[in-house]
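Participant: give me a 3D structure for the following:
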Amino acid sequence: MGRTNANAYKDRSGPRPGSRFRNITGSSLFLYLLLVLASSSGLAAQETDAGSASASAALDAKTSVPKTPPGEMLSSYEGQNVSSIEFAGQPDLDPAGFSSAVDQKTGEPFSQQKVEQTAAAIKSAGKYEEVRIRVDPESNGVRSRFVLEPAVYIGIFQFPGAEQFPYSRLIQVANYPVQAPFDAAEVERDRKTLLNFYRQAGYFQAEVRSDVKVDQKHQIANVSFAATLGQRAKFGDIVIDGVPTAEQERLRTSLQTTMARARTVAIRPGKRYRRSTIGKATSYLQTESEKKGMLNAQVKLAGAEYHADTNRADIHFNIVPGPTIKVDIQGAHVWPWTRKSLLPVYQGIGVDDESVEEGRQALASYFQSKGFFDVKVESHLETVPTHDEIVYRITKQKKHKVADIKVAGNNQLPSSQLMPHITIEKKRFFSSGKFSDQLVRDSVKNLKAVYDSEGFSDVAVVPTVTNRGGDINVAFRVTEGPRDMVSSLTVEGADTFPPVRYAPNGLKLAVGQPYSQAHVQQDRANIVANYLRAGYLTSSFRETATAVSKKDSHHINVVYHIYEGPKVITGDVITLGREHTAQQLINRDVAMLKPEQPLTETDLLTAGSRLYDLPNVFDWAEVDPRRDVTTPDQRRCSGQSP
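Facilitator: Predicted coordinates:
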């Protein structure tokens, strides 16, 4: 049963990718809106033996769930190290009870045969309706998870005792799993991550305890991470390793000066411990090291040594200085921040002839973009026992302008379609325009891409740069070549959706017409949008285009591949965590989510937006399926909002 969660959380939230935030001083409450979804009866009938079941019978209809991802996906992990084996979906499960059934062992190479045998053995015991296999890549191998169905899924995370932190930040730290089955091992990892976060924030005596409460009726597990933070620490001493004693003292002192305080990088004993200050101090030490010619220095926070008796933490930095590098730019002024953005040597990749040449080209392009089109940049690398020295000699010449830009030879595509893709800019009031060798190359690349998208696969673009009295004229000569034409157009996979539904106004691409990627993209957008509006939340579109033959490469056979996925019908709407806000107010703002109606992505976004827009009530609103919608599995479910 697919379900959808719409969450609105506490005050003082900070930004989270993909969501909108604001600070509010209104009521403090948790809201978690859950939709219990059901697969459409029409699709369910296709998946079950009772093909003619009535609507009431469909309420209890089971559908088939594939117990593994497609075979080729599992086989792609074959032979990789198995970093861990976990069992998900059952909060009260004791994994030790499956030890005899697990053929796949941790630390051994992954075997599709073994994990499928393990899933079959667990299912054959008769306690679970199905066992699904999920494999997730990790840094040290792959994690194999067996999801035991019917599974309990994650509901809401709560963080009592840590109210001084924005709820949105804690959700990020805890890696809140959207649409995920309950996994005790994952909850324990989240607990440890939160504990580490609190201690990094200065609460070195913090403790975190997790507590799980299961709503069996709706198969939801709500997790509370109760924190006892204790007293926040203060800064102690600064310890710097990796550089000579004199340099250690210089850097340590630099972090306690008036200038450091003005830049909010100062670490002073007895002052409140702030993680943000440590981050800024690390960057400050990096800059100070670069001033001494240590351009490849690596400054890292080694850790914080906490002393419980004084409630202070000594901050340890480690510096790997690397070789001393001097950069001398002669003949023109380049600001320090511009140097860092242009020259590879400031980006920690070392010094060699290739990086020096890359820096020379970057400087030339930079001054060309400023109107010095005839600029000359020479480079020299000298290596001595004590340091490396790079010298760039710049001769800017006279400043000129881009007088004219034009495209010639374009018979099929108008200049108005091509000119916006040229990155060179013509002179205008108070501007010499923009020109560089790199901009010319980029313009050629862009023009070829435009022609290729319109079916001119053999197009050639040749730039010509003419210097007249110092001003630049740029022309792009186009040889279009033959245009690709659509020989056939086939739509595959639209099994339940007729053309009048997925393309009511017809397709943009047509047989006998020029092949155009722009038309393909328009068809893609229209088809997917119509499927989403009808409740096919996982529908997708893929296009393939192949030449009729090697001898006839400019006539194209096009296939639109549509994956419909299940049609999703809204079941129950359940509110979790409501404390103060009237349920009637919530119901009004999610009224577009109607039971027994197709669930659309627009409805999901609208519901979350309306919850968020309630004035002085919620700080964060989001709408997500409780579980990923893949196939019309499990049962329809009904219930009431608490």
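Participant: could I get the average pLDDT for stretch 595-606?
Facilitator: Across stretch 595-606, pLDDT averages out at 84.
Participant: buried ones in it, by neighbour count?
Facilitator: With burial defined by 16 or more other CB atoms under 10 Å, the residues of stretch 595-606 counted as buried are Pro598, Leu599, Thr600, Glu601, Asp603, Leu604, Thr606. All C-beta spots, glycine's among them, are computed from the backbone N, C-alpha and C.
Participant: got it, and stretch 224-236?
Facilitator: For stretch 224-236, using 16+ other CB under 10 Å, the buried residues are Ser224, Phe225, Ala227, Leu229, Arg232, Ala233, Lys234, Phe235, Gly236.
Participant: which ones are touching the fourth one?
Facilitator: This means Leu229. Gly161, Ala162, Tyr198, Tyr203, Gln205, Ala206 (CB atoms under 8 Å, 6 or more residues apart in numbering).
Participant: now the last one
Facilitator: Shown in contact with Gly236 (CB under 8 Å, 6+ apart): Pro269, Glu305, His307, Thr310, Arg312, Ala313, Asp314, Ile315.
Participant: just give the nearest non-adjacent residue to the third one, would you?
Facilitator: This points to His307. Spatial nearest neighbour of His307, chain neighbours left out: Gly236 (6.6 Å); criterion: CB to CB, 6 or more residues apart in numbering.
Participant: looking at the helix or strand containing Ala545 now, give me its mean pLDDT.
Facilitator: In this structure, Ala545 is located in strand 540-547 according to DSSP states H and E. Along strand 540-547, the predicted local confidence has a mean pLDDT of 93.
Participant: now that strand: how far from the chain's centre is it?
Facilitator: 26 Å (CA atoms, centre = their mean, to the nearest Å).
Participant: what residues sit buried inside that strand?
Facilitator: Of the residues in strand 540-547, those scored as buried under the neighbour-count criterion (16+ other CB under 10 Å) are Phe541, Ala545.
Participant: got a list of contacts for it?
Facilitator: Residues from elsewhere that reach strand 540-547, judged by CB under 8 Å, 6+ apart: 515, 520, 524, 527-528, 553-563, 565.
Participant: out of these, list just those in strands.
Facilitator: Within these, residues falling in strands by DSSP state E are His555, Ile556, Asn557, Val558, Val559, Tyr560, His561, Ile562, Tyr563.
Participant: for the fourth one, grab the count of nearby residues.
Facilitator: Right, the one you point to is Val558. Taking other CB atoms under 10 Å as the neighbour definition, Val558 ends up with a count of 22.
Participant: the first one too?
Facilitator: Number of residues near His555 (other CB under 10 Å) recorded here: 15.
Participant: from Asp452, how far off is it?
Facilitator: If you measure His555 against Asp452 using CB to CB, to the nearest Å, the figure is 16 Å.
Participant: and for the third one?
Facilitator: Summarising the geometry, the distance separating Asn557 from Asp452, computed by CB to CB, is 18 Å.
Participant: ranges for the strands of the stretch 201-350 of the chain?
Facilitator: 207-215, 220-228, 234-241, 298-307, 312-320, 325-330 (DSSP state E, counting those that start in this stretch).
Participant: quick one: strands adjacent to the last one?
Facilitator: Using DSSP bridges, strand 325-330 pairs in its sheet with strand 387-395 (parallel).
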